[in-house]
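> I'd like to go over a predicted model; first the sequence, then the structure.
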Number of protein chains: 2
Amino acid sequence: MNLSDRQMNILRYIAEFVEERSYPPTIRQIGAACDISSTSVVKYNLNKLETDGLILRDPEVSRGLSLDWAKLDAAGLLPEIQKPVGYAVNGAATRVAERVNRATERVVSFFSVPVLGHIAAGEPIQVDVSDYDSADEWIDLNQALYRDRDKLFALRVQGDSMVDASVLDGDIVILRHQEKAENGEMVAAWIDGLGETTLKHFYLEGKQVRLRAANPNYKDMFFPAAQVSVKGRVVSVIRQLE
Amino acid sequence: MNLSDRQMNILRYIAEFVEERSYPPTIRQIGAACDISSTSVVKYNLNKLETDGLILRDPEVSRGLSLDWAKLDAAGLLPEIQKPVGYAVNGAATRVAERVNRATERVVSFFSVPVLGHIAAGEPIQVDVSDYDSADEWIDLNQALYRDRDKLFALRVQGDSMVDASVLDGDIVILRHQEKAENGEMVAAWIDGLGETTLKHFYLEGKQVRLRAANPNYKDMFFPAAQVSVKGRVVSVIRQLE
DNA sequence: AATATACACGAACATCTGTGCGATGTCAAG
DNA sequence: CTTGACATCGCACAGATGTTCGTGTATATT
């Protein structure tokens, strides 16, 4: 898939148009905006984009096209075609420019993450990553904020066993499934010696693992590396109080 | 604003159509779906809906209509016209029904909350609620999860002064502006005696205020009621680690 | 030189689509 | 009963809209 400037422009224009008017542009509008005098050329390029899977088209239908955000994201094109303003955020992100009307509501692409269970002291995390279907609770996250979304899952925190990670009863922890951790990353780890799952910053120091709590008032813990098995990396914590 | 069954049906159909195909239906499609034989009747009813502000129309434009979700929400119509499945969540919420395809991405109505500043020990919260325009950072939240959205604002936590509330450096705290608190609510309060803003659970006990930290390992604090001024209620805490 | 391929142009065409208008039916107020 | 507002219907029309087709222009391949 190798997009010409024209095709990029078309994608950008469609995104902008839809954001602004909540319905797609016509072929002629696209042509006018992208300096294409002929409707057939627009169609030609739209066919390309559809073949590449980046857009969806309903043939013979006026304005019958839409962007496939998932594919665009997969192709790494999101930053290219998404407007810097009106960009969206689940947690936090800096909005660059001015905002005309703060009441303006928009629509944002979302994806879902399964809540695979809960996390509590004294229990291993019961994560069967293939067991996505059994989840009966889902968290919707903003697409723009998360990468490697296939590997994400969520756990609900039970009890006060994670206070030293500043994670409270009822909080939702978003994790990315991974078995190895870089130093400094906050991970969910099962500690064999303790019989506990814990959320800590991970540091491999020789054959020892140092686990540092997020709350600086708690002391570091040390375990033989063999006793610590990383279950995933903590990507986000969400606390909803009402 | 008093909607006929027909108009409700039209709204429902448009919502369903847009959700499914990401572009709006034509007048004739609406007619066919809602058992209206004449296009002009559809137009007649669309005019009604537009006058009520529930939809937006671009005259003379094919499929030139869109739903005004904010208005629909304000009119209490969201539950009526929104599909029960595919409803969205920022933080956490139980999804009732089955999910066809977990990779399905949808669009969700969002609203923005200004990040009015930061919260740190030793400083009052510099919240001028009318000062929304000066915010250069915004948090987008899921409409469905928050009520009284006009009064919401966000603060970024600076430093480790809120660890006893299980809130870390860099976290985003979503607050609802209010000056009075019910017992047990978690509030942001300025404590005159300490010269600090703090996040604590609030309890008015006689002429004293007891402030309880979210982390049970911290002791309660007591102040004369006159010294404690509530700035807002904590509605959500969001921590983004990558 | 001949051919193939990718990209672009413009005109013609058949639908699609929103709008306007006159006619009809309903129903409550006068 | 009459009137008028409201809701509906059918239809014709002008403009919009996607598609098709013949053509032209590079660039690479054979």
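Nice, I can see it.
> so what's A:Q7 closest to, chain neighbours aside?
Spatial nearest neighbour of A:Q7, chain neighbours left out: A:N45 (5.3 Å); criterion: CB to CB, 6 or more residues apart in numbering or on different chains. (C-beta placed from N, C-alpha, C; glycine too.)
> In a helix, the one you found, correct?
Yes - the assignment for A:N45 by DSSP: H, G, I helix; E, B strand; the rest coil puts it in a helix.
> quick one, what contacts it?
Applying CB atoms under 8 Å, 6 or more residues apart in numbering or on different chains to A:N45 gives the contacts A:4, A:6-7, A:10, A:36.
> can you rerun that using 6 Å?
Taking CB atoms under 6 Å, 6 or more residues apart in numbering or on different chains, we find A:N45 in contact with A:6-7, A:10.
> Would you mind giving the domain segments of chain A?
The record's domain parsing of chain A by automatic domain parsing lists A:5-81, A:111-238.
> From chain B, how far out is the residue nearest to A:Q7?
19 Å (CB to the nearest CB, to the nearest Å).
> Likewise for A:A188?
12 Å.
> would you turn the domains of chain A into a markdown table with mean pLDDT and distance to DNA strand C?
Formatted as a markdown table, these follow (pLDDT from 0 to 100; distance: least, CB to the nearest atom of the strand, whole Å):
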| stretch | mean pLDDT | distance to DNA strand C |
| --- | --- | --- |
| domain A:5-81 | 86 | 3 |
| domain A:111-238 | 76 | 29 |
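> so where does the closest residue to A:I119 other than its chain neighbours fall, helix or strand?
In space, and not counting its chain neighbours, A:I119 is closest to A:L155: 4.3 Å by CB to CB, 6+ apart. For A:L155, the host element (DSSP states H and E) is strand A:152-157.
> Give the pairing partners of that strand; include direction for each.
Sheet pairing of strand A:152-157 (DSSP bridges) gives strand A:106-119 (parallel), strand A:172-177 (antiparallel).
> Give me the neighbour count for A:S4.
Residues within reach of A:S4, counting by other CB atoms under 10 Å in any protein chain shown, total 10.
> do the same with A:G53
Neighbour tally, A:G53, other CB under 10 Å: 14.
> So which bits of the lengthiest helix in chain A are buried?
Secondary structure of chain A per DSSP state H: the longest helix is helix A:5-21. For helix A:5-21, the neighbour count (16 or more other CB atoms under 10 Å in any protein chain shown) marks A:6-7, A:9-18, A:21 as buried.
> can you check stretch A:32-49 too?
Applying a neighbour-count criterion of 16+ other CB under 10 Å, the buried positions in stretch A:32-49 are A:33-34, A:36, A:42, A:45-46, A:48-49.
> so which two of those are the farthest from each other?
Using CB to CB, these reach their maximum pairwise distance at A:A33 and A:K48, which is 17.3 Å.
> can you map out the strands along chain A?
In chain A, the strands defined using DSSP state E lie at A:55-57, A:65-67, A:106-119, A:138-142, A:152-157, A:172-177, A:186-191, A:196-205, A:208-212, A:221-224, A:228-240.
> possible to save the ones you listed as JSON lines with distance to B:W190?
Below are the strands of chain A laid out as JSON lines (distance: least, CB to CB, whole Å):
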{"stretch": "strand A:55-57", "distance to B:W190": "52"}
{"stretch": "strand A:65-67", "distance to B:W190": "47"}
{"stretch": "strand A:106-119", "distance to B:W190": "34"}
{"stretch": "strand A:138-142", "distance to B:W190": "32"}
{"stretch": "strand A:152-157", "distance to B:W190": "30"}
{"stretch": "strand A:172-177", "distance to B:W190": "30"}
{"stretch": "strand A:186-191", "distance to B:W190": "31"}
{"stretch": "strand A:196-205", "distance to B:W190": "31"}
{"stretch": "strand A:208-212", "distance to B:W190": "32"}
{"stretch": "strand A:221-224", "distance to B:W190": "36"}
{"stretch": "strand A:228-240", "distance to B:W190": "22"}
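> Make CSV from the ones you listed and add mean neighbour count and distance to A:A75 to it.
CSV is the format used below for those (neighbours: other CB atoms under 10 Å in any protein chain shown; distance: least, CB to CB, whole Å):
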stretch, mean neighbour count, distance to A:A75
strand A:55-57, 18, 12
strand A:65-67, 21, 12
strand A:106-119, 22, 14
strand A:138-142, 24, 19
strand A:152-157, 23, 20
strand A:172-177, 22, 21
strand A:186-191, 22, 30
strand A:196-205, 19, 32
strand A:208-212, 19, 38
strand A:221-224, 14, 42
strand A:228-240, 23, 22
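> Out of these, which is closest to B:P59?
Nearest to B:P59, of all those, is strand A:65-67, at 22.0 Å by CB to CB.
> Show me the contact partners of that closest one.
By CB under 6 Å, 6+ apart, the residues outside strand A:65-67 that reach it are A:14, A:24, A:55-57, B:22.
> Closest one to A:R63 out of the residues you listed, please.
Nearest to A:R63 among the contacts of strand A:65-67, with distances taken as CB to CB, is A:P24, at 4.5 Å.
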